[in-house]
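Trainee: Return a 3D structure for these sequence lines:
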Amino acid sequence: MTFDNIYSEYYQRCFLFAKSYLHDEMLSKDIASEAMITLWTTMKTEEVDNVRAFLMTVVKNQSLNHLRNEHLRMEARENILNDELYELDFRISSLDACNPTDIFSEEINRIVNQTLNELPEKTRKAFVMSRYENKSVKEIADSLDITVKGADYHIGKALKALRVNLKDYLYILFFI
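Mentor: As a prediction, this is how the structure comes out:
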């Protein structure tokens, strides 16, 4: 039997056998072709008693090797995904437990108090009455014996000083 006859008779069988396990047409064609090449090189050096059994054994072994390698790749991918999932769960729980108000409130309060202490007395009083005591601009003006425009000016001056000193925290203050 010539190699062309063997190829014609067994290539399709090898291909279908590999495809039934691998479910990949291109890979199955490659394995069937490799089996034919292995048979060809073996036939040059030694006699092959049972061509069909030889080819099916080569296809089986190559298919098994591929499936085992794929299994190892999938296990490695799963381990990587498990590690990434663990790290993601950790980040989620850390962020969930995080209270931005607690993180920045002490530092922000320190900056606010320092800024207010550096302000002139009327400006500081106007701001404290406006923001901490919830007094109206008219009540502040009456209490400090200044005009309403003067009270607005002092409150604006305090807010400007706070904006300057808290510039690094302003984006956080929007979310607190």
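
Trainee: Please parse this protein into its domains.
Mentor: With domains defined by automatic domain parsing, the chain comprises 3-96, 100-173.

Trainee: Turn the ones you listed into TSV, columns for mean neighbour count.
Mentor: (Glycine included, C-beta is placed from N, CA and C.) Shown next, in TSV, are the domains of the chain (neighbours: other CB atoms under 10 Å):
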stretch	mean neighbour count
domain 3-96	14
domain 100-173	15
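
Trainee: for this structure, which spans come out with low pLDDT?
Mentor: Low-confidence segments of the chain, defined by pLDDT under 70: 98-104, 170-176.

Trainee: how about the strands in this protein?
Mentor: Secondary structure of the chain (DSSP state E): no strands located.

Trainee: Show me what the longest helix belonging to it is packed against.
Mentor: Looking across the chain with DSSP state H, the single longest helix is helix 51-97. Secondary-structure packing of helix 51-97 (3 or more CB pairs under 8 Å, 6 or more residues apart in numbering; DSSP states H and E): helix 3-22, helix 25-45.

Trainee: The first one to helix 25-45, inter-axis angle?
Mentor: With axes from the mean of the first three to the mean of the last three CA atoms, to 10 degrees defining the directions, helix 3-22 sits at 140 degrees from helix 25-45.

Trainee: Now do helix 3-22: which elements does it pack against?
Mentor: helix 25-45, helix 51-97.

Trainee: Redo the helices and strands packed on helix 51-97 as TSV? Include distance to Lys167.
Mentor: Formatted as TSV, these follow (distance: least, CB to CB, whole Å):
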stretch	distance to Lys167
helix 3-22	62
helix 25-45	60
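
Trainee: Of all these, which one is nearest Asn61?
Mentor: helix 25-45 (9.3 Å; CB to CB).

Trainee: ok now the closest one, how far from the chain's centre?
Mentor: Offset of helix 25-45 from its chain centre (CA atoms, centre = their mean, to the nearest Å): 43 Å.

Trainee: related to what we said a few turns ago, next, the angle from the longest helix of the chain to helix 25-45.
Mentor: In terms of direction (the same axes, to 10 degrees), helix 51-97 departs from helix 25-45 by 140 degrees.

Trainee: which residue packs closest to Phe159, ignoring adjacent ones?
Mentor: Actually, residue 159 is Leu. It isn't Phe. Spatial nearest neighbour of Leu159, chain neighbours left out: Phe127 (7.4 Å); criterion: CB to CB, 6 or more residues apart in numbering.

Trainee: quick one: contacts for that neighbour?
Mentor: Leu116, Leu119, His154, Ile155, Ala158, Leu159 (CB atoms under 8 Å, 6 or more residues apart in numbering).

Trainee: cutoff 7 Å now
Mentor: Residues counted as contacts of Phe127 (CB atoms under 7 Å, 6 or more residues apart in numbering) are Leu116, Ile155, Ala158.
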